[in-house]
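> Below are the sequence and a predicted model for it; my questions follow.
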Amino acid sequence: MARSYLYVPGDRADLIRKAPGRGADALVLDLEDAVAVAAKERAREVVAGYLAAPPGGVPLWVRVNADRLDADLRVLTPAAAGVWLPKAEPDLLHDLDRALRDTERRLGLPDRTFPVVPLIETARGVLDCARVATAPRVLRLGIGEADLAGELGIRPDPDRTEFAAIRSRVVVASAAAGITAPVGPVETDLRDTARLARTTGILLRQGFRARSAVHPGQLATINAAFTPDAAEVAAARRALDAMERAERDGSGVATDADGRLLDRAVVRAAAEVLRRARSTP
């Protein structure tokens, strides 16, 4: 599963052509915030042309405008990985599902070909987060904290501690729905690599397993933060091995090398570390 998603302005054909080699696990061809109103139609033309014959190798998502679904979905081709939906709320997801069914029929594709990543960016989206997570097509959730800050009157500190409660709702809703762990928000300070590493580490500890980026220079830091290192992998394997030995000998009690008890929660965490290590692109 992708650790990093790079937003690429949909009206910048030059940037789109270069983007697959920049190190992102997936690209988000952006028709929304990265594109000026006057350039929206140009962006649709550029993205549609690129999706008609993409180079392959990197999943290509499209972020649409919540108020222009019909126009934006016309850019989709079978090469698109799916759709990112800003300002996601249950009714809007219902509208998107219906519009995507029409798109799939037009393209001769099976129903539910295109998954969706809804972005929690409104107060209503936060309150209805559990319903958003269980809506049709939802692969994983994302969160847009700049939009939320504006709507809620939040003035965040550099580590975004004010968003901890909202982030928790997004993580809990994802886990309860059985979908992939969510995507964290962008970091708009493009120069402070230490801050990017610190805040991405915070997201990891809070339950996120990916982050979106607005510049290729952020990708290596994000990918590293969400990739278990050799020590984590080794510790996870030792924990699982110890539990397996305990089950084989019938004791049901496992301890680590320091004599600490290993319970089922520790085993689940270890298994998750190994899954992430195996699925690293």
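Received the coordinates, thanks.
> Model confidence for residue 205, exactly?
For residue 205, the pLDDT comes out at 97.
> let me redo that: residue 70
At residue 70, the predicted lDDT confidence score is 95.
> How is it assigned, secondary-structure-wise?
helix (DSSP: H, G, I helix; E, B strand; the rest coil).
> residue boundaries of the strands in the stretch 101-250 of the chain?
Under the criterion DSSP state E, counting those that start in this stretch, the stretch 101-250 of the chain contains strands at 116-120, 140-143, 180-184, 210-213.
> how about those in CSV, adding mean neighbour count, mean pLDDT and distance to residue 4?
Glycine gets a C-beta too; all of them are placed from N, C-alpha and C. Formatted as CSV, the strands of the stretch 101-250 of the chain follow (neighbours: other CB atoms under 10 Å; pLDDT from 0 to 100; distance: least, CB to CB, whole Å):
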stretch, mean neighbour count, mean pLDDT, distance to residue 4
strand 116-120, 27, 98, 13
strand 140-143, 26, 98, 12
strand 180-184, 24, 98, 9
strand 210-213, 26, 98, 6
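> right, and the ones you listed - which one's nearest residue 65?
Nearest to residue 65, of all the strands of the stretch 101-250 of the chain, is strand 116-120, at 12.0 Å by CB to CB.
> now the angle from that closest one to strand 180-184?
Angle, strand 116-120 to strand 180-184, by axes from the mean of the first three to the mean of the last three CA atoms, to 10 degrees: 50 degrees.
> can you list the residues that contact strand 116-120?
Applying CB atoms under 8 Å, 6 or more residues apart in numbering, the contact partners of strand 116-120 are 61, 82-88, 93, 96-97, 100, 125-126, 129, 132, 135, 137-144, 148, 166, 170, 183.
> do that again at 7 Å, thanks
Here strand 116-120 makes contact (CB atoms under 7 Å, 6 or more residues apart in numbering) with 61, 82-88, 93, 96, 126, 129, 132, 137-144, 170, 183.
> again, but for stretch 207-216
If you take CB under 7 Å, 6+ apart as the criterion, stretch 207-216 is touched by 1-7, 22-24, 28, 142, 171, 181-186, 188, 190, 200, 203, 219, 222, 226, 276.
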